[in-house]
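Undergrad: predicted model, plus sequence, below.
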2 protein chains.
Amino acid sequence: MSFESHPAFMNFQPTPASIPPRNVVLRQVTPKDKPVYLHNLNPLAFLLRAAQIYPNKMAIAHPDTKHPVFYPFSVWCQRVQNLAYALIQAGVRPGDRVAVIAPNSPMIADAHFGFLAARCVFTPINIRLKPSEVEYIIEHSGSKLILCDREYLHLIAGISVPVIICDDTGKPDDPYEQFLAKGREFSGERSWQGLEAEPDENAASTLCYTSGTTGRPKGVVSTLRGAYLAAIGNAFESQINRDSTYLWILPMFHAAGWTYPWATVFAFATQITLRTVDYSLIWNHFLHSGVTHYCGAPTVQIGIFNHPKAKKLDRVITAIIAGSAPTAHLIGELEKIGIKPCHVYGLTFVKTYGPFTRCYEYPEWKTLSLEDRSKLMARQGQTFATAEVARVVYQPDPDLPLDKVVLVDVPKDGKTIGEIVTKGNIVMKEYLNDPEATKKAFRGGYFNTGDLAVMHPDGSIAIMDRSKDIIISGGENASSLAIEQELASHPHVLEVSVVARSHPKWGERPMAFVILHPQHAEKWAGRHAEFERDLKEHAKQRLPGFACPEWVEVVPDLPKTSTGKILKTELRKRVNNMKAKL
Amino acid sequence: MSFESHPAFMNFQPTPASIPPRNVVLRQVTPKDKPVYLHNLNPLAFLLRAAQIYPNKMAIAHPDTKHPVFYPFSVWCQRVQNLAYALIQAGVRPGDRVAVIAPNSPMIADAHFGFLAARCVFTPINIRLKPSEVEYIIEHSGSKLILCDREYLHLIAGISVPVIICDDTGKPDDPYEQFLAKGREFSGERSWQGLEAEPDENAASTLCYTSGTTGRPKGVVSTLRGAYLAAIGNAFESQINRDSTYLWILPMFHAAGWTYPWATVFAFATQITLRTVDYSLIWNHFLHSGVTHYCGAPTVQIGIFNHPKAKKLDRVITAIIAGSAPTAHLIGELEKIGIKPCHVYGLTFVKTYGPFTRCYEYPEWKTLSLEDRSKLMARQGQTFATAEVARVVYQPDPDLPLDKVVLVDVPKDGKTIGEIVTKGNIVMKEYLNDPEATKKAFRGGYFNTGDLAVMHPDGSIAIMDRSKDIIISGGENASSLAIEQELASHPHVLEVSVVARSHPKWGERPMAFVILHPQHAEKWAGRHAEFERDLKEHAKQRLPGFACPEWVEVVPDLPKTSTGKILKTELRKRVNNMKAKL
């Protein structure tokens, strides 16, 4: 269960520049004017502490590449230090943005700490974007430098900003390794003592760009204090500790990996990095690498339990699930193989750093049927360990100017729909260079998430829909999410997504796109119309008339984001074309 | 294993004022000028969150009194709210100090939260002090009000400050309950919305007084931010979670219970309060109440494993041990019955809120002998989860003025003795009304602990002594702690304490006070001189000549503080009298 006995580990040598000197002082020079009783909250502290306390413990294992690499905390910490000096030598100054384009790999893990040590802003870019989108982000962020994995160089072909290429080999001739080695040289062995700590805990730590479905992408700025507290919250909520092994399935570029790059180090856990979501590799690690935790959207979970290698685990693995609510089917399948789902909710692109609510379980749920329990587990739940508050509100007077907005709680009746709002340390600082958008997002003194939800009598939140996903059918608000949950309960449905399609009589009516379960696909081959009737009948028994899908279409796959979230925008485009043809 | 089926619980009714209204909003009015992305760190948030998420979960069980009481989080939270309103009604204003004199009981647990809700400073007073000492503290702190358990009223007989008496019954005719009921009435059901949150996270949370061994007691002020972060650190380091049950053996008045009154609530754990350290009751709870964690000094641990009820537990209980280092004997005895020792170190009287270092264990220790492992486990270890730094330093030029002091790290050789210093969020804010003492404590930009230690090559700290406990024997520095550890390895020694006694030739020489192990006491009855020779011989084989005790005295007991720490000041007084007789 340990990488220390892995043959690739036995043969691996870190570069000479990665080896820390004897008696390295793992402490930065802190601001002189700070009172003795205060220190700035900064996740960089987690790595210095881990390297101090568990220098020889495996921090990062990257075993599934041509050149596997393995770094214990002491070595990794030295590499992070080298990166900081290299950035400074390259002209990066405090507050500058530096972009990273990479799949899960040691380089992007380094950046989560090394950038903080150099006091620049970690700006990860989604590797699934188009070159034009990447170009926009580089320009808008004013990135001074780009760290780019060689596989994704085509994304920045036309960009004139300096680039450090990473071959992801960990070998001395890798340009990224040469960059680190130069950093070490530049340090003159001043070590951590030569790196001044950021004096403001509210300085920017991360800049993530939204996907820009409703306009140009916006840059979301988060802080050091927020990252520190959110990471501790995540470590505590997922009960990660020094005996844990975290498997990177979720991409780190996605909202800075929901703060898990920091949370795992806070807890002294081992991280395994996977460049791609490869279910065969995932199962190898589940079975042979002692994995205890991973994060992923429901789609990823489906891929996991449907894989041929899937089997009952001999210990519990905790799956932190976000992105959309887990269905009864999904929870049942995970539990069957020994995976314990932990449903959390947050906003992407570091707007809330990752999760800020969690569906807390209760002892009395144990006696419920899977179906009943799953309905409760699908709720987004209640406020996270270090978060401040989550409310579901409406604006009694929606015409008030932004600075006069008043937010009122919806009744705790599990019925009245309002918008989820939050505030406090686990909320983004601002949209970069966009005070208007920031002001709008922060109306009423809260961050307005755009997610529509109800509040149940027990105070737990259940999302009904994104505000733009609500279907207004015959004047009724139909939640696409609620419809999807009922359709997913049909045993032959693998995945389903529902969007509004315009209707001459009802205004809008739901249309469902369905992937058949592989075990049942053959049965319905050439009889999709029949299956569609069957599913509509299934819906009629469970949903009010206005919420029953008027149209069902069986599809081989669904358009998805890099993190496995279904792209409803794409489905809507399809539906709009259909409408034209009606 | 649950109090819900305890007969006393079945018969218990909280007072009407303790019952929260339906649909209580568990949220305070926060400062208007706070940015959306910031909220103040304040442990009060833990209780509001626990009452929101687990309203019906047992928060406090107080089962071993004539009138047992049991409060779930929702009820407790209402009582805390009532207390806040009652304090405000009694004229307590933000920043005012309010004293509490009580053994472990719901009232002092209430105060840990209710005082923060009323924005006054929680000022606990040790119930073992003399009335004159209590009087000094009340006067020095300027306490506006005293909450006093009826058993300890004699401590404040001559004091004119208003007192609220608590009979610890939870019944409507208890004066404390009447105080709470008046608070509820005064609230006008404005609930938490009527209580303004403290706008400064660096405001004082707690004021604890030192024992004043070297002069008048000093008032140690700690902050809300520090308490929040230290509590989360303790919850994480002890791996407390919602399935945990914490037994109160350590008095809460002692340094605000090392932040465990807040840490347990952060983790949604159940607390059991014991008015006295009664080993029979402790064993009842170990065996029948599902206890998972407790804190205590080594003396308390000895009482636990030596009790007739002691037996092998069917699950692991974690003992958080501080006050002095656990010996090999102690660790061995605890492990034999299934108690897992976790050795932490911190300073009393909230100077560091409780623990700020921990002896982290390593997998390779498992193969060591108990004796070898215990030597490693006796170290104070390394910096805690949310602490900043712990160093062992000396002042190359001790004659520099306070504001020019320079601190230099001792070599990591496990030999060179220096002083432990620390700084950051887990350090006290100041000594109340004593800027000179604060400046002295904070010389060199660190909090100087007064504890003398070495740093081992792995960066772990091992205390050699309090600076005043070092014995200068023939010009050599002999660590009384190291001598005690060797003497404690004699199988017939239960407890031992060593102090300096002046010597005509060597300046000082060690004198040992020894309690014989009950199993062996009879053997040596009437032959103490013989045992003393035996122990000296034992020492000679293990210690350098200058560290061997010149004198050994068998005693029936040792003078101790209320928390079980041996009072070396008392032993020194005895020794000084002996010297006079020489």
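TA: Cool, got the structure.

Undergrad: so which bits of the stretch 1-150 of chain A are right by chain B?
TA: A:23, A:25-27, A:32, A:35-39, A:41, A:45, A:49, A:52-54 (Cβ under 8 Å from any Cβ of the partner chain). Any C-beta I mention is one placed from the backbone N, CA and C, and that applies to glycine too.

Undergrad: ok, those vs residue B:500, which is closest?
TA: Among the residues of the stretch 1-150 of chain A next to chain B, residue A:36 lies closest to residue B:500 (Cβ to Cβ), at 31.4 Å.

Undergrad: in terms of helices and strands, where is the closest one?
TA: Here residue A:36, judged by DSSP states H and E, is contained in no helix and no strand.

Undergrad: now do the contacts for residue A:314.
TA: Residues counted as contacts of residue A:314 (Cβ atoms under 8 Å, 6 or more residues apart in numbering or on different chains) are residue A:338.

Undergrad: helix/strand/coil for it?
TA: With DSSP: H, G, I helix; E, B strand; the rest coil as the basis, residue A:314 sits in coil.

Undergrad: now do the SS call for residue A:512.
TA: Strictly by three-state DSSP, residue A:512 counts as strand.

Undergrad: which residue sits closest to it, ignoring its sequence neighbours?
TA: Counting by Cβ to Cβ, 6 or more residues apart in numbering or on different chains, residue A:549 is the residue found nearest to residue A:512 once chain neighbours are left out, at 4.2 Å.

Undergrad: show me the contacts for that neighbour.
TA: By Cβ under 8 Å, 6+ apart, the neighbours of residue A:549 are A:483, A:487, A:498, A:509-512, A:535-536, A:539.

Undergrad: can you do 10 Å?
TA: Taking Cβ atoms under 10 Å, 6 or more residues apart in numbering or on different chains as the contact definition, residue A:549 lies against A:471, A:478, A:480, A:483-484, A:486-487, A:496, A:498, A:501, A:509-514, A:532, A:535-536, A:539-540, A:543.

Undergrad: wait, what's in contact with residue A:34?
TA: A:40, A:197, A:199, B:388, B:423-424, B:445.

Undergrad: so which of these wins on neighbours?
TA: With neighbours taken as other Cβ atoms under 10 Å in any protein chain shown, the top of the contacts of residue A:34 is residue B:424, carrying 26 neighbours.

Undergrad: could you report the pLDDT at residue A:518?
TA: Model confidence at residue A:518, given as pLDDT, is 88.

Undergrad: swap that for residue A:158, please
TA: So, for residue A:158, pLDDT stands at 87.

Undergrad: check which helix or strand covers residue A:307.
TA: Using DSSP H and E, no helix or strand contains residue A:307.

Undergrad: how about residue A:40?
TA: Residue A:40 belongs to no helix or strand, assigned by DSSP H and E.

Undergrad: name the nearest residue to it, ignoring sequence neighbours.
TA: residue A:201 (4.0 Å).

Undergrad: dump the residue contacts of that neighbour.
TA: Going by Cβ under 10 Å, 6+ apart, residue A:201 touches A:38-42, A:223-228.

Undergrad: give me that answer again for 7 Å
TA: A:40-42, A:224-225 (Cβ atoms under 7 Å, 6 or more residues apart in numbering or on different chains).

Undergrad: how about residue A:4: what's its closest non-neighbour residue?
TA: Nearest residue to residue A:4, sequence neighbours excluded (Cβ to Cβ, 6+ apart): residue A:58, at 6.9 Å.

Undergrad: number of nearby residues for that neighbour?
TA: Neighbour tally, residue A:58, other Cβ under 10 Å: 21.

Undergrad: enumerate the residues of chain A near chain B.
TA: Residues of chain A lying close to chain B by Cβ under 7 Å from any Cβ of the partner chain are A:23, A:27, A:36-39, A:49, A:52-53, A:223, A:226, A:232, A:236, A:239, A:241, A:360, A:382-383, A:388-389, A:412, A:423-425, A:427-429, A:442, A:445-447, A:459.

Undergrad: sorry, back to before: so which of the contacts of residue A:549 belong to strands?
TA: A:471, A:478, A:496, A:498, A:501, A:509-514 (DSSP state E).

Undergrad: list just the nearest of the residues you listed to residue B:289.
TA: Closest approach to residue B:289 among the ones in strands among the contacts of residue A:549 (Cβ to Cβ): residue A:496, at 48.1 Å.

Undergrad: ok, the closest one - contacts?
TA: A:484, A:487-488, A:512-514.

Undergrad: and if we set it to 6 Å?
TA: With contacts defined as Cβ atoms under 6 Å, 6 or more residues apart in numbering or on different chains, the neighbours of residue A:496 are A:484, A:487-488, A:512, A:514.

Undergrad: ok, now how distant is it from chain B?
TA: Counting by Cβ to the nearest Cβ, to the nearest Å, the gap from residue A:496 to chain B is 31 Å.

Undergrad: same deal with residue A:17?
TA: Distance of residue A:17 to chain B, computed by Cβ to the nearest Cβ: 23 Å.

Undergrad: hmm, back to that, of the contacts of residue A:549, keep whichever come out buried.
TA: Those of those that meet the buried threshold are A:471, A:478, A:480, A:483-484, A:486-487, A:496, A:498, A:501, A:509-514, A:532, A:535-536, A:539, A:543, by 16 or more other Cβ atoms under 10 Å in any protein chain shown.

Undergrad: for chain B, give me its nearest residue in the stretch 301-450 of chain A.
TA: Nearest residue of the stretch 301-450 of chain A to chain B: residue A:424, at 3.5 Å (Cβ to the nearest Cβ).

Undergrad: got a pLDDT number for residue A:406?
TA: At residue A:406, the pLDDT recorded in the model is 93.

Undergrad: nearest to chain B, of the residues of the stretch 1-150 of chain A next to chain B?
TA: Set against chain B, the nearest of the residues of the stretch 1-150 of chain A next to chain B by Cβ to the nearest Cβ is residue A:39 (3.4 Å).
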